[in-house]
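J.: Curious how this folds, go ahead:
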Amino acid sequence: MRLDRVNEMEQYVLRNGTASLEELAEEFHISMNTVRRDVSALLKRGRIRKTYGGVAVQEAPGILPMAVRAGKNLEEKRKIGRLAATLVEDRQTIFLDSGSTVLTMLPYLTGRKDVTIVTHSLSAMYEAAKYPNLKVIALGGLYSPPTSSYVGISTLDALDRISVDTVFIAATGVSLERGLTNTTYFEAEIKQRVVRRGRDHVVLLADHSKFDNASTISFFKFEDLSAVVTDRLPSQPYLDAIRACHIRLLCGEDGE
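T.: Here you go, the predicted structure:
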């Protein structure tokens, strides 16, 4: 059916980032006229934009570059990084995502032995390389300048071949209703994939400004977290959920 094909075509473009009309015609075994009609339908959905001779993923507006995000709430992020590092043990393999808060963990891991960092974040790779006690497994792919990270099919395939002990992850927004959310499809897809790899040990790093905010794409339920690391005590509904779901809370405001 046409609707099924259009849905599959949208997912194909979202996974690959770009696609030419000829590529789509070959992939879905349809004529160029049919491709053009299907693409017209996709453009109305707003997740894909027209390019010369093809289509590409429509990035969400207002994504702040990594250099800008890293400078926001810096002291709060350092507190969070110091606390999160206490959850890392010798000889563990951990995943660090592309969030600017997650990067602040690295200087506090210098006392650990044989820790392996798995990451698709170029910033995390660069920072981790400063510390001889940290091994780095870099996930390649298509470079995304706004997030200073690698995304796409190659990144997802690499994730499927790696096991991690603990996932340290950030979010653009956090709410009890929608869970952990992000603004970009590619980043959310990577986050969704990696939390499956370490589902029982997923740690959220989020400063107070992220709570009670929701972004475009949900990628993990709040109640499935194993730990939350933040700079201030969250509001009572979050504390109630943390207690009910047996989530560990580390808070820079008053210790643990």
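J.: In three-state terms, label L180 for me.
T.: strand (DSSP: H, G, I helix; E, B strand; the rest coil).
J.: repeat for L42
T.: Here L42 is helix, with the state taken from three-state DSSP.
J.: D97 contacts K191, doesn't it?
T.: Yes. In this structure, D97 is within contact of K191 by CB atoms under 8 Å, at 6.2 Å. Yep, even glycine has a C-beta here, placed from its N, CA and C like the rest.
J.: Touching both of the two, which residues are there?
T.: With contacts defined as CB atoms under 8 Å, 6 or more residues apart in numbering, the residues shared by D97 and K191 are I169.
J.: Show me where the stretch 51-200 of the chain has its strands.
T.: For the stretch 51-200 of the chain, the strands defined by DSSP state E, counting those that start in this stretch occupy 54-57, 93-96, 115-119, 134-138, 142-144, 149-151, 166-169, 173-175, 179-182.
J.: how about those strands, which one is nearest K79?
T.: Among the strands of the stretch 51-200 of the chain, strand 166-169 comes nearest to K79, with 15.0 Å by CB to CB.
J.: Now that closest one: average pLDDT?
T.: Strand 166-169 shows a mean pLDDT of 96.
J.: what's that strand in contact with?
T.: 84, 87-88, 92, 94-97, 99, 102, 105, 180, 191, 194-195, 197-198, 201-205, 220.
J.: ditto for stretch 9-23
T.: Contacts for stretch 9-23 (CB under 8 Å, 6+ apart): 24, 27-28, 32, 35-36, 38-39, 42, 45, 47-48, 51, 53-57, 142, 151-153, 185-186, 189.
J.: in that stretch, what counts as buried?
T.: By 16 or more other CB atoms under 10 Å, the buried positions in stretch 9-23 come out as M9, E10, V13, L14, G17, A19, L21, E23.
J.: ok, now stretch 148-165?
T.: Buried residues in stretch 148-165 (16+ other CB under 10 Å): S148, S149, Y150, V151, G152, T155, L156, A158, L159, V164, D165.
J.: which other residues reach that stretch?
T.: Against stretch 148-165 from outside (CB under 8 Å, 6+ apart): 15-17, 65-66, 92-95, 98, 118, 120-123, 137-144, 186-187, 189-190, 193-194, 197-198, 201.
J.: picking up where we left off before, out of the strands of the stretch 51-200 of the chain, nearest to R232?
T.: Per CB to CB, nearest to R232 of the strands of the stretch 51-200 of the chain: strand 173-175, 12.9 Å.
J.: Which members of the contacts of stretch 9-23 are positioned in helices?
T.: Secondary structure from DSSP state H places 24, 27-28, 32, 35-36, 38-39, 42, 45, 153, 185-186, 189 of the contacts of stretch 9-23 in helices.
J.: Just name the closest of the buried residues of stretch 148-165 to A244, please.
T.: D165 (25.4 Å).
J.: any weak-confidence spans in the stretch 151-256 of the chain?
T.: Where the stretch 151-256 of the chain drops to pLDDT under 70, the residues are 198-199, 253-256.
J.: quick one: the helices in it?
T.: 153-160, 185-197, 236-244 (DSSP state H, counting those that start in this stretch).
J.: Can you pick out the most distant pair from the ones in helices among the contacts of stretch 9-23?
T.: Among these, M32 and E189 lie farthest apart (CB to CB), at 29.0 Å.
J.: if you count what's nearby, which of these two comes out ahead?
T.: E189 (20 against 11; other CB atoms under 10 Å).
J.: quick one: the residue nearest to that one when sequence neighbours are not counted from F220, how far?
T.: Spatial nearest neighbour of E189, chain neighbours left out: L156 (6.9 Å); criterion: CB to CB, 6 or more residues apart in numbering. As judged by CB to CB, to the nearest Å, L156 and F220 stand 16 Å apart.
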